Structures are given as C-alpha cells and as structure tokens.
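> Have a look at this fold, sequence not included:
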C-alpha cells in the first residue's frame, strides 16, 4: 500500500499539487464538489457574454486521466477527523489520508451584511457568472420595453462594488458592452447612456499596484464610460437602489444591478481545521500556516492557496491570487515526495513573476519585477499569460479565437438569457 | 406609416421570414420568448458535452442589428386578437399587425403520459440539453461511488425513446462517450459497460429514410455499442426503471436516465389560432394552412415551420425539419412584398434538397435527390451543411474547431456539471 494523499479542492492549488504528484509513489484522491477545474481569472468574461463556461472550465477527470495514481471524487467534505486521519464526506463516507492538502479557497464576504447577497451577486462560480450575464442582458431588455425615462435609467445603471482586479475587469467589460457591443442592438434605448459606476473605499483602484498604474487603469475605465468613485463606501443595497457615502455625503442611486467584487471570506474548512487542530485563523478566516504550508503541530496537513495565510519573512501576507496557489500546491507536492525519501525541503518561497489586470480592449496594467506598464503592451502580456495557463489545448484555441473575434468586431457572441428562476422573471415584469 | 409585419418566433421559420423582409417597405417586429436563435439540429451535441450553448445560439438582436426596419421584442404571446389585428403579450401589451407570421414550432409530446416528463426529459431547449448533460455526467459520477453491481448497471443504463434523427443522434453520441470519451476517466467503473438502448415502435429506425439507410444507421449504432430495439413500445417510465414491450413480452429495465425523442406536439398558438379563426388543426395540433401558407379565410395571417401542416399536392404533409421552415419563412416574406406591390406569387413549393442524420464519428446517412449514401461521405456532407447554416462566423469557426478537436481526440471538453436543483441532487445521493 502506498501512502495516501488526499487533496480537497480542484482549483489552482489542489490541481497543481495533484499534477506535481504524478510520479510520486503515492495514491492521490482529489475531492471536489464540482467535476471541473475553473479558470477563475476569466470568469468575468462569462459574466459579460464574451466566453462560454466550457471555454474556461475543464473536467478534472480529463486533466488527470493519464495519471494512474490519481482518482477524482465528486463530493463535499463536511469534516476532517484529525485523530483518525480521515476526511468525512456529506454522505458519511470516510476517506483516510496519510497526507492531507486543503485547498478549498475563499468566497466573497458581505462584511456581515448578508442580506445584500440577494441584490448584489458576487462572482466566484459559473452559476454566479451565468446569473450576472442573465441579469445584465435582462436589464437591457426590460429597459427597451420600458417607457418611463427614470425607470429606463435605473435599469441602465450598473454599480460594481470593489476596485480590485475583478471589479475593474467587470466594470471595463460592462462599459465596453454598453458603448460598443450593444450599440446597434436596440431601437428604443441607447445603450451608450448606460451608467457604470465602480465604487472603491480606498483612494484609488487596484491598490495592490503602484499608483501610476492605478491612474492608468482609471483613465482606461473612463474612456469606456465608467465612472470611478474612489473614497466611497456602500452603506445600503436594496432591490432597486444602492446608497453610497463619500465623506459626509450620502447619495442614493437607483439601480437594479449591483455587482459585488469586494470582500473575501475563507472557505468553511478553515474553521473546521481551527476546531480540530487549534490552528489560528486570521480576520477573514484563513488558516495561518507554517513556513512549509503545513498546519502548525500537524506536519501531515497542508493548506495552500486562498485558504492559507502565509506571512513568513514578508511585510504583508501573500495575496489570494492564482500564482501563489499554484506554487504552494507544487511546493507541498515536492515536500511530500522528499519526505517519503527521508529528505527535506527549504521553506516555501513565493516567486512573484508579476501581476496584471485588464480593463478592456487593448487596455491593461502590468507590473513584472521592476517593470510597470500599461496599455496595449500590458494587454498583450495579459492575453499571453492567461492563454498559457488555461488548461487544455482546445480551450486555449477556442478562447483565443473568441478574443480575436471580440477584438475585431467588438461583439460578444454569448449573449444568451438562459435558465433563471422566480427572482429574475419577477424583476423583469 | 409602413405596413406592420409581426413575426412570432425566432426559429428557422421566423428568422428567415425576418431576414427576407430586410429590404421590404414594412416595419417588422420579431417577438420571441428567448433572446436568441437556436440551431436546434445540434442541440444533442450540447446534451452530450460536445458543444457549448453559446456555439449553437446567436442573439436575435445581433442577427438583425443592421436591419433597420426590424425590431426585436423579448416577450411571450398569450393571445391573437384577430378582430383587432393585434397580438397580446403576457404583460397585456398589444402589438398591432397588418400581416402576422406565426412560427412558434412544436415541443415534444408524451402521448398523454405527462407524468413521464419528470423522468424522461426531451430535447427542445438549451435548458433541456443542459439538464440532460448534467444527468448523464452525474450518472457516471454516482456509479463511480456506488459499490453494488446491480445499482452500478442501473446508473450506466441509458434508454433513448424514439428512433428518428434526434434519437439516433443522441444514442450514437452516448455510445461514443461511453466507449471513447470517458474510457480512462474512472477508476472503479468501466464506462464501456454502459448500455445504451434505442427504442423504436416501428420495425426500423429513421423511417423517413429508405430501408437501406436505416440498416446502415443501425449497423453504425451497433458499432458504438448501442442496442437498437425496433418493434418495441414504452409502456411505463418510473424514476428507476422503464418497461418495454415487444409483441406480448414485457421487460423491465432498471435505469435512471430515459431520454425522450418521440412524439411531437404543436405550440399552443395553434389552438389559439383555431379558436380565433376556426382554422383546422391536425392530430398533433398543427394548423392546416392554405397553399400560400396562410390561415384559410385570413390572408393576412401565415403559419410556417413545425406549427404548419402543409399537404397540398403531396402524399404526406411536409416534415417538421429546418429546411421546410426556412423555405416557408422566405416564401411568406416574398409573398407579402409582392402583395404590397399589388402582385402575387404561385403557391408554396418545397424544394427537397435532401436530408441527413449523423450517428457518430464519421458515420451518417444522407439522401440527396436520387442519391443515398452513408459512412464518411455522408458525415462530411452533414458536417458541411450544418456548418453552413449555423448563424454567424464566430459560431461556425468555433464549432468547426471543436468538431475537429473531438474528432481527433474523441474528447468532449464541455463535460461540466453545472446548475441543477433538488431533483438532481436527490437522485445523486
């Protein structure tokens, strides 16, 4: 019997750990609630009709099909039995482990205002993205059939909360849709009158980037018709309005579409680890890990990716981005392989190869080492990097063609209103 | 004011009518419940993870965006007020018309056994296709976690009811998935042990084709591991079993996945037309139309496509296939244009350019005029024709690439389990 490695979560952290264990003398079980790996950095493209879900997701089974030491299990982990060294699935099944890698990531947090969730969807899953796509397209359809100018304006007002990369990318894509994609689609309304507001508490967007790039991003957003409101907080969200506050001034804005791109909340497995191992959690519920990404006192349990708080030798903890998760996943796989040979590995070190965010057609910002650039060069770099990391040749080619198509024609061909339930139809009529 | 043409339905019939009215001196309103045109002949590819919904659907607004005399209206028609010459939408709005083209098609019929619908989904909408995709993939996932051999076999038994083109295509694609696509995906089960049953009442499949082609189709299906059961009726469908009857022998087969590809029921607008104009309906609810596709006694109302029963000078009525709908749509548009000039047009005549059905990788049957062929030549012809009629350049290119990819690798990359509600999860666990 080979040692058993159980990986919870098939995102960047879990998948890269599994792949790096391909030749290790272990039995790997990769558990996920979903049967696919999702390329989350492009999820906003699904929400804005630029790509299909199938373009940015690949079946986990397909990715590891030739990795004979790895099996994929579709299931939800509800507990970790640290004493018995097994994870517990929702149907009661127990999966024993010798090594456990927890990589279940994070979701969005409404800062305790959970009632906002119904009116301000976030963007973490394919279902989220399809719901947003549906609501955005229905807002235009409803406006087209509406006659009252105020009501039309309310339907054509989109508020994006949070000026991080996701918020910037969403706002930029919505601005592009309004000004280019939908330009000749309607007869009663003019989509170019759409108001897209990007709301950020801090004094600039993309605070993880140098101020110069924040400025470049703001200018690109403004060219796409996006109003950037920094130093502004959201104090209330209702079905038909949002209340913003800048300094002492509060303003109510009528809208049916608030998109939530702020706040992070670690996956519930963090609290479970805390209860079972006493591991410390930070303010957003991330597990504070040791320098080798293990849970202190439990060298056989590792936490990688967005669920881990790693701050050894750093001024601030590592950010919740894909490259950190990938590198941590691979690192832990290598560490396990070494340990099985009786060897060891130096602590984890993140190699920051740079970061980038896109704003729209040919507009992006990037910092790579000492380099900072924006505009077309940054956009091309962004395009290249995102295509390279997309899993599977078919997906890459399809995404590339759709981008080329969207770029040349300004179209977004996946403008389909599908699915949806009571909420959406009640909103429409 | 130009004469108003109202078209209900953005399928092949309605869309081709709208497009053929592009230069006519009329105001066109195209009404559909959905915001997209769906290329229904490829819907089975979405159900079997080969294509994404976005590949076979195009936004109606996008298709007619440069057609300034045409507006698109997202809405559901609930009545036709023949006296007032207006259609009534579900929110009470009335759209007046001078000419009305009804092209709302058909759905599937369970021959009065509506309780079967819950266990045996049909394939008419994108939601249908996604639900089938979800259930098929979940069946394999559940089988992988199951230990009892009988239960595993029940999850791996798929029954397709109806041996027309849709049933043949679905069964072929399911056989291909089981034997090729999923071959190395699982560790506990062997997908090649999947049973795919194709059940047909008549003594052969594809009864609209010559017997020789039915035979070729049956052989191709058998090569994909499909069991073809002709002369067999479905007498009961339950959540966990289907009862088949051949002659006097009844057989119960345990399965969780029955797919319905039999029976046609015309859209409810047929009955509304019957009530309001006295138009005759046939057994499946289609409107019996005059030689110019108009409703007898109402030269201003036309019915085209699957909702129309047209049998003038024919041995049997025209079949419910896309080319008939397209030609009728274009014909009616030309007729209206002529009438506005005080001219007329000879009665509608269908030009049968042939028909074809695909069974799987490089296998298809085709009859084109006096020619009958099968195998690779038929498959290439099928591929070419379907690509040519797909709306939009981006879609065509994407579909072509995915086919090439699927062909070369046997993969179907859109194997995503998304959405779904109580029914599916209760089935899974």
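All right, it came through fine. Because the structure is a prediction, the values reported are computed rather than measured.

> Wasn't residue A:385 part of a helix?
Yes: the assignment for residue A:385 is a helix, going by DSSP: H, G, I helix; E, B strand; the rest coil.

> wait, what's in contact with it?
residue A:356 (C-beta atoms under 8 Å, 6 or more residues apart in numbering or on different chains). For the C-beta atoms, the positions are set from N, CA and C on the backbone; glycine is no exception.

> cutoff 10 Å now
Shown in contact with residue A:385 (C-beta atoms under 10 Å, 6 or more residues apart in numbering or on different chains): A:41, A:323, A:353, A:354, A:355, A:356, A:366, A:368.

> Mind giving me the ChimeraX select for these, buried ones only?
In ChimeraX, this line selects whichever of these come out buried by 16 or more other C-beta atoms under 10 Å in any protein chain shown:
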select /A:41,323,355,356,366
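
> where are the low-confidence patches of chain A?
A:393, A:420-429 (pLDDT under 70).

> Show the residue spans covered by the helices in it.
Under the criterion DSSP state H, helices of chain A are mapped to A:12-20, A:43-47, A:60-63, A:126-145, A:149-155, A:165-176, A:211-223, A:269-277, A:322-340, A:376-389, A:393-409, A:422-428.

> so which of those comes closest to residue A:257?
helix A:126-145 (5.5 Å; C-beta to C-beta).

> picking that back up, residue A:93 is nearest to which of the helices of chain A?
helix A:269-277 (16.6 Å).

> and that closest one, how far out from the chain's middle?
Taking C-alpha atoms, centre = their mean, to the nearest Å, one finds the center of helix A:269-277 at 23 Å from the center of the full chain.

> before we move on, what about stretch A:407-421?
20 Å.

> How about it and chain B, any contact?
Yes: against chain B, stretch A:407-421 shows contacts by C-beta under 10 Å from any C-beta of the partner chain at A:408-409, A:411-421.

> what do you get for stretch A:65-75?
Yes: against chain B, stretch A:65-75 shows contacts by C-beta under 10 Å from any C-beta at A:65, A:66, A:67, A:68, A:70, A:71, A:72, A:73, A:74, A:75.

> May I see those arranged in a markdown table, with distance to residue A:102 and neighbour count as well?
A markdown table is the format used below for the residues of stretch A:65-75 next to chain B (distance: C-beta to C-beta, whole Å; neighbours: other C-beta atoms under 10 Å in any protein chain shown):
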| residue | distance to residue A:102 | neighbour count |
| --- | --- | --- |
| A:65 | 24 | 17 |
| A:66 | 25 | 9 |
| A:67 | 20 | 17 |
| A:68 | 24 | 11 |
| A:70 | 17 | 23 |
| A:71 | 18 | 17 |
| A:72 | 17 | 27 |
| A:73 | 15 | 20 |
| A:74 | 17 | 22 |
| A:75 | 15 | 21 |
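
> Would you tell me which one of these comes nearest to residue B:340?
For the residues of stretch A:65-75 next to chain B, the nearest to residue B:340 is residue A:74 (60.0 Å; C-beta to C-beta).

> give me every residue that touches the closest residue to the closest one other than its chain neighbours.
The spatially closest residue to residue A:74, leaving aside those adjacent along the chain, is residue B:141, at 4.5 Å (C-beta to C-beta, 6 or more residues apart in numbering or on different chains). By C-beta under 10 Å, 6+ apart, residue B:141 lies in contact with A:35, A:61, A:72, A:73, A:74, A:75, B:155, B:186, B:189, B:417, B:428.

> What is the nearest of these to residue A:126?
Nearest to residue A:126 among the contacts of residue B:141, with distances taken as C-beta to C-beta, is residue B:417, at 10.0 Å.

> wouldn't the closest one be in contact with residue B:142 here?
No: between residue B:417 and residue B:142 there is no contact under C-beta atoms under 10 Å: 11.1 Å.

> give the contact list for residue A:62.
So residue A:62 contacts A:35-37, A:72, A:391-392, B:181-182, B:184-185, B:411-413, B:415 (C-beta under 10 Å, 6+ apart).

> picking up where we left off before, which of the contacts of residue A:385 fall within strands?
Within the contacts of residue A:385, membership in strands is found for A:355, A:356, A:366, A:368, as judged by DSSP state E.

> which residues pair with the closest residue to the first one other than its chain neighbours across the strands?
Right, residue A:355. The spatially closest residue to residue A:355, leaving aside those adjacent along the chain, is residue A:367, at 6.2 Å (C-beta to C-beta, 6+ apart). For residue A:367, the beta-bridge partners are residue A:355, residue A:372 (DSSP bridges).

> okay, now residue A:367: neighbour count?
Neighbour count for residue A:367, taken as other C-beta atoms under 10 Å in any protein chain shown: 20.

> just to revisit the earlier point, now the residues of stretch A:407-421 next to chain B: which count as buried?
By 16+ other C-beta under 10 Å, these give A:411, A:412, A:413, A:414, A:415, A:416, A:417, A:418, A:419, A:420 as buried.

> who's in contact with the nearest residue to the second one once chain neighbours are set aside?
Distances taken as C-beta to C-beta, 6+ apart put residue A:49 closest to residue A:412, at 4.0 Å, once the chain neighbours are dropped. Residue A:49 sits next to A:129, A:132-133, A:136-137, A:173, A:177, A:181-182, A:406, A:411-416, B:54, B:59 when contact means C-beta under 10 Å, 6+ apart.

> give me that answer again for 6 Å
A:133, A:412, A:414, A:415 (C-beta atoms under 6 Å, 6 or more residues apart in numbering or on different chains).

> list the contacts for the first one?
Applying C-beta under 6 Å, 6+ apart to residue A:133 gives the contacts A:47, A:49.

> To what extent is the residue of the stretch 201-350 of chain A found nearest chain B buried, counted in neighbours?
Here the stretch 201-350 of chain A gets closest to chain B at one residue, residue A:256, 15.8 Å apart by C-beta to the nearest C-beta. Here the count is done by other C-beta under 10 Å, and residue A:256 has 22 residues near it.

> check contacts around it.
Taking C-beta under 6 Å, 6+ apart, one finds A:139, A:155 in contact with residue A:256.

> at 8 Å instead, please
A:135, A:139, A:154, A:155, A:157, A:239, A:240, A:427.

> Between those residues, which sits nearest residue A:346?
When the contacts of residue A:256 are compared against residue A:346 (criterion: C-beta to C-beta), the nearest one is residue A:135, at 48.5 Å.

> mind listing what the residue lying closest to the closest one once chain neighbours are set aside touches?
The shortest distance from residue A:135 to any non-neighbouring residue, by C-beta to C-beta, 6+ apart, is to residue A:257 (5.9 Å). Residue A:257 is in contact with A:135, A:136, A:139, A:157, A:158, A:159, counting by C-beta under 8 Å, 6+ apart.

> 7 Å instead?
Each residue near residue A:257 by C-beta atoms under 7 Å, 6 or more residues apart in numbering or on different chains is listed here: A:135, A:136, A:139, A:158.
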